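Novice: Sharing a model that was predicted from the sequence below.
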Amino acid sequence: MDSDRDTAVDQYRIAGIDDAGSAGRSQAGSRTDLHVTGQGPTPEPTPGTATTSGESRLVVPESALLTLLGKRDENLREAEDLLDADVHVRGNELTLTGDPADVGFAERVFAELVVLASRGQSIDPDAVRRTVRMLSEAEGPSPAEVLSLDILSRRGRTIRPKTLNQKRYVDAIDVNTIVFGIGPAGTGKTYLAMAKAVQALQAKQVTRIILTRPAVEAGERLGFLPGTLSEKIDPYLRPLYDALHDMLDQESVPKLMAAGTIEIAPLAYMRGRSLNDAFIILDEAQNTTPEQMKMFLTRLGFGSKIVVTGDVTQVDLPGGQVSGLQVVRQILDGVDDLHFAELTSADVVRHRLVADIIDAYGRWDAREGGPKAVPNAPRNGPPQTRRDRRGR
């Protein structure tokens, strides 16, 4: 990481310009220009230095400018709303003014966004919001590193983590045999696990993918369903099919399933099997009993990897049964080569209202003393806008 940071300093040279001899600038202090040079790999950005007067100037490469600003300047407007520093654009220059600390933070945000744009990645208001959140809340990889980690690419669409917790989750899948992805709806825990499974299959790290779910009704009584056994269980497994079709060619999915390379089956079908050289995903694991969870985990064979995903706040087991996902951490405490990844409402990648809904239910559960109450994220939902912070 140190060598990468040195490369960043070399290729993203931030030079202070001495204005002491210029008329009318002596009170304004020095300016800061961000120059992107070199043709090597895109480095991590280096934040600029705000002046004592709280003014900074960044020069953006022409090739990255349109991507940085967004369609009809939508990214610029989002940044202006989230940042306390004032942002002005003239040509390919960004001028930041305001309190020195606010200007310094804004420089860091725009430096990260310039790195993303220079790598040819698209930037939208959501990427701006996530960049601001990551820089303001956590220490760790730079937002550009998180948002440019490609897992799969298909027909111009790339699957990658969108939050720091999501990156930690996919990194844990790389280095552990068993990973539990626990979090609310919309945090990408199943989708990212499936992307890693397809990636492992394409890289010939495994010879097959096995996807499974418990066939539990979500608080409804569906009665006797018509059709064959496959037709009866398909509705429970449909979300897994949908994700597969996002990641593979439409015509290849039936062929891979017919060959047994991809198998989608209810959890009950796992009993008595030993699964070797496979990437195995158990989805909706909150609807397993402790006995079912034990049965599933002990299917692990040589050369295989398991990812278990679920949301402990949405247990649909009948009769108030204990969820196997709720107790598995206590049971497996101290066991090596497994990891528990926690995702929160701050990692929701669906509509922005979803995070607010999850938080509202979490507060209600906590207030009512319900058994499903879980702690909220340290800072939930999208970053506050300048208007929210100032109470206007």
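Specialist: Right, received. Where do you want to start?
Novice: neighbours of Ile280, just the number please.
Specialist: 26 (other CB atoms under 10 Å). No exception for glycine: its C-beta is placed from N, CA and C like everyone else's.
Novice: sec struct for it, please.
Specialist: Secondary structure, DSSP: H, G, I helix; E, B strand; the rest coil: Ile280 is strand.
Novice: who touches it in this structure?
Specialist: By CB atoms under 8 Å, 6 or more residues apart in numbering, the residues touching Ile280 are 209-212, 299-300, 304-307.
Novice: Now, the residues you listed that are in strands?
Specialist: 209-212, 305-307 (DSSP state E).
Novice: Next, find the distance separating the nearest residue to Ala172 once chain neighbours are set aside from Ile178.
Specialist: Among residues not flanking Ala172 along the chain, His339 sits closest, at 4.3 Å (CB to CB, 6 or more residues apart in numbering). For His339, the distance to Ile178 (CB to CB, to the nearest Å) stands at 8 Å.
Novice: go on, Val132?
Specialist: 34 Å.
Novice: Equivalent analysis for Leu113, please.
Specialist: For Leu113, the distance to Ile178 - CB to CB - is 36 Å.
Novice: neighbour-wise, which of these two wins?
Specialist: Between Leu113 and Ile178, counted using other CB under 10 Å, the more crowded position is Leu113 (28 against 20).
Novice: so the more buried one, which of the three states?
Specialist: Strictly by three-state DSSP, Leu113 counts as helix.
Novice: burial measure for Pro318, as a count.
Specialist: 9.
Novice: what comes up buried for the helix or strand where Leu65 lies?
Specialist: If you go by DSSP states H and E, Leu65 is part of helix 62-69. By neighbour count on 16 or more other CB atoms under 10 Å, the buried set for helix 62-69 is 64-65, 67-69.
Novice: Turn those residues into a markdown table, including pLDDT and distance to Arg155.
Specialist: Listed next are the buried residues of helix 62-69 as a markdown table, based on pLDDT from 0 to 100; distance: CB to CB, whole Å:
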| residue | pLDDT | distance to Arg155 |
| --- | --- | --- |
| Ala64 | 89 | 24 |
| Leu65 | 90 | 27 |
| Thr67 | 91 | 20 |
| Leu68 | 92 | 25 |
| Leu69 | 92 | 26 |
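Novice: how about TSV for the residues you listed, with distance to Arg271 added?
Specialist: Conversion of the buried residues of helix 62-69 to TSV gives the following (distance: CB to CB, whole Å):
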residue	distance to Arg271
Ala64	54
Leu65	58
Thr67	51
Leu68	54
Leu69	56
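Novice: starting at the chain centroid, how far to stretch 69-81?
Specialist: 22 Å (CA atoms, centre = their mean, to the nearest Å).
Novice: Could you list the buried residues of that stretch?
Specialist: Quick answer for stretch 69-81 (16+ other CB under 10 Å): 69-70, 75-76, 78-81.
Novice: What about the closest residue to Arg350 other than its chain neighbours, how many residues nearby?
Specialist: Computed as CB to CB, 6+ apart, the closest residue to Arg350 that is not its neighbour in sequence is Gly186, at 3.8 Å. Neighbourhood size, Gly186 [other CB under 10 Å]: 19.
Novice: Work out for me the element Gly186 sits within.
Specialist: Counting by DSSP H and E, Gly186 is part of no helix or strand.
Novice: wait, isn't it in contact with Arg352?
Specialist: No - using CB atoms under 8 Å as the test, Gly186 is too far from Arg352 to be in contact (10.4 Å).
Novice: Can you list the low-confidence ranges for the stretch 201-350 of the chain?
Specialist: Applying pLDDT under 70 to the stretch 201-350 of the chain flags the ranges 216-233, 236.
Novice: Tell me where it has helices.
Specialist: 229-247, 252-258, 290-297, 324-331 (DSSP state H, counting those that start in this stretch).
Novice: between those, which gets nearest to Lys196?
Specialist: For Lys196, the closest of the helices of the stretch 201-350 of the chain is helix 229-247, at 10.4 Å, according to CB to CB.
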